[in-house]
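pasting a predicted model and its sequence here:
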Amino acid sequence: MSTVENHGENSNTGILPINLPLDFSSIQSIPESHAWSESNNDNQIKNNGSSSLALPIIDLNDPNVMDQIGHACEEWGAFQLKNHGIPKNIIEKLEVETKRLFDLSKEQKMKALRTLNYPTGYGTVWITPFFQQRMWQEGFTIHDSPVDDAKKIWPDDYQIFCDAIKKFQDESMLLIEKLIHLSFKYLGISEEEKENWIGNNHAGAIQLNSYPICPKPEKAMGIVAHTDTSIFTLLNQSQVSGLQVFKDDAGWFTVPLEPNTVVINTGDVLHILSNARFKSALHRVTVNSVKHRYSMVYFYRPIMKHVVAPLVSNNPRFRALTFKEYVAMKNKHFDKTLSIISVKED
Ligand SMILES: O=C(O)CCC(=O)C(=O)O
Ligand SMILES: [Fe+2]
């Protein structure tokens, strides 16, 4: 992974501002700015899941669900979840609205362009400044409510989009609170402590992603390897695969399309709370030359002033810090952040 010290201002992408996705509608070949060299993109799948190892599929109604979730978080930091309870029509409506959004012209989408001072709306993925090359992706970020940004794009017709987002947001929040309950219980964290991490102490964010058809997918990256700054992340990868999760000592695994499941991964916050017992899943997105891929992601995070520190051990492996501090550090240090806040052993 090549990182850039200057947050991209002088990178070889030249003219394209750091927050602005490529206008994929007019692209026939990959521009230099979006072509990743072999050494950079590490695009080889070292293990495609053909061995007996595979990302667990967990049934939320299984009597042993707590242990299954605990083991999956320890081994993978991710799993697919069935019988998750989010109604199918809510996911389908969100898929329709996500496509409607990204199918708009560049000019329409740019009306809600994200800026440094206004971190919601249309734009490139937040990790873009850390890399010389650009990703084959465009995104739409929502904190709390999408109304202000949606109004910029559809002044008279924003309600359908906002309703679809709100329903997905509410359902995802409830589901993740169940997963927090189960995983905290697995870790032996008390009920009182659990209350600190849900309800009014949580904040949700939604990321809609679009990965257009790519003429040379082996040269491009949808989203480069990263971990999420969340407690749990919930993801609907629609009908096109592309998400890959890294497993230590085994390599990259493509998350298969499993009907009626959502993908769940643990993020940095739960990794810290569990004192590194749960992995924060390293994951990335590949693109393809056949089908436009969309994904809808919900990040369950604490509120900014909340203090994040290990909850499960007398030998904490991380120092305590507010979530606000953690986010600021991650925006600066990206994949080095967890090791920077690690408590050094004597
Ligand atoms: O599109 C995907 O499958 C993953 C997206 C993702 O990792 C993210 O938005 O953080
Ligand atoms: Fe992610």
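Noted; the coordinates are in hand. Ligands and ions are numbered 1, 2, ... in the order given.

ok, what's across the strand from V297?
Q207, L235 (DSSP bridges).

quick one: contacts for it?
206-209, 233-236 (C-beta atoms under 8 Å, 6 or more residues apart in numbering). Where you see a C-beta, it was placed from the backbone N, CA and C, and this is true even at glycine.

could you redo the last one with a cut-off of 7 Å?
Contacts were defined as C-beta atoms under 7 Å, 6 or more residues apart in numbering; by that measure V297 touches 206-207, 209, 233, 235.

and if you look at T233?
With C-beta under 7 Å, 6+ apart, T233 has these contacts: 265, 267, 297-299.

so it sits in a helix?
No - T233 is assigned strand when assessed by DSSP: H, G, I helix; E, B strand; the rest coil, not a helix.

out of the contacts of T233, who has the most neighbours?
Neighbour counts for the contacts of T233, by other C-beta atoms under 10 Å, peak at N265, which reaches 28 neighbours.

now T322: how far from ligand 1?
Counting by C-beta to the nearest ligand atom, to the nearest Å, the gap from T322 to ligand 1 is 22 Å.

that residue is in contact with P302, isn't it?
No - T322 lies out of contact with P302 (C-beta atoms under 7 Å); the separation is 9.0 Å.

which of the two has more residues huddled nearby?
Legend: neighbour count by other C-beta under 10 Å for T322 and P302, higher for P302 (22 against 16).

for the stretch 101-250 of the chain, what spans make up the strands?
Along the stretch 101-250 of the chain, counting by DSSP state E, counting those that start in this stretch, strands occupy 121-123, 138-143, 202-211, 223-226, 232-236, 243-247.

for the first one, packing partners?
The reference is to strand 121-123. If contacts are counted by 3 or more C-beta pairs under 7 Å, 6 or more residues apart in numbering; DSSP states H and E, strand 121-123 sits against strand 138-143.

please repeat the previous calculation with a cut-off of 10 Å.
Applying 3 or more C-beta pairs under 10 Å, 6 or more residues apart in numbering; DSSP states H and E, we find strand 121-123 packed against helix 106-109, strand 138-143, helix 147-153.

and ligand 1, which of those is closest to it?
strand 138-143 (7.0 Å; C-beta to the nearest ligand atom).

so what strands line up beside that closest one?
With DSSP bridges as the test, strand 138-143 is paired with strand 121-123 (antiparallel), strand 202-211 (antiparallel).

how far away from the center of its chain is it?
On the basis of C-alpha atoms, centre = their mean, to the nearest Å, strand 138-143 sits 11 Å off its chain's mean C-alpha point.

repeat for stretch 319-333
Distance, stretch centre to chain centre, for stretch 319-333: 17 Å (C-alpha atoms, centre = their mean).

what about I58, which SS state?
I58 - assigned by three-state DSSP - is strand.

that one and H71 touch, don't they?
Yes - in this structure, I58 is within contact of H71 by C-beta atoms under 10 Å, at 9.4 Å.

who's more crowded, these two?
Set side by side, I58 and H71 show more neighbours around I58, with 22 against 15, by other C-beta under 10 Å.

bridging residues for the more buried one?
Following DSSP bridges, I58 is listed with bridge partners L81.

spit out the contact partners of it.
64-65, 68-69, 71-72, 79-84, 179, 261, 264 (C-beta atoms under 10 Å, 6 or more residues apart in numbering).

in PyMOL, select just the buried ones from the residues you listed.
Buried members of those, defined by 16 or more other C-beta atoms under 10 Å, are picked up in PyMOL with:
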select buried, resi 65+68+69+72+79+80+81+84+179+261+264
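
rewinding a little: identify the contacts common to T322 and P302.
V308.
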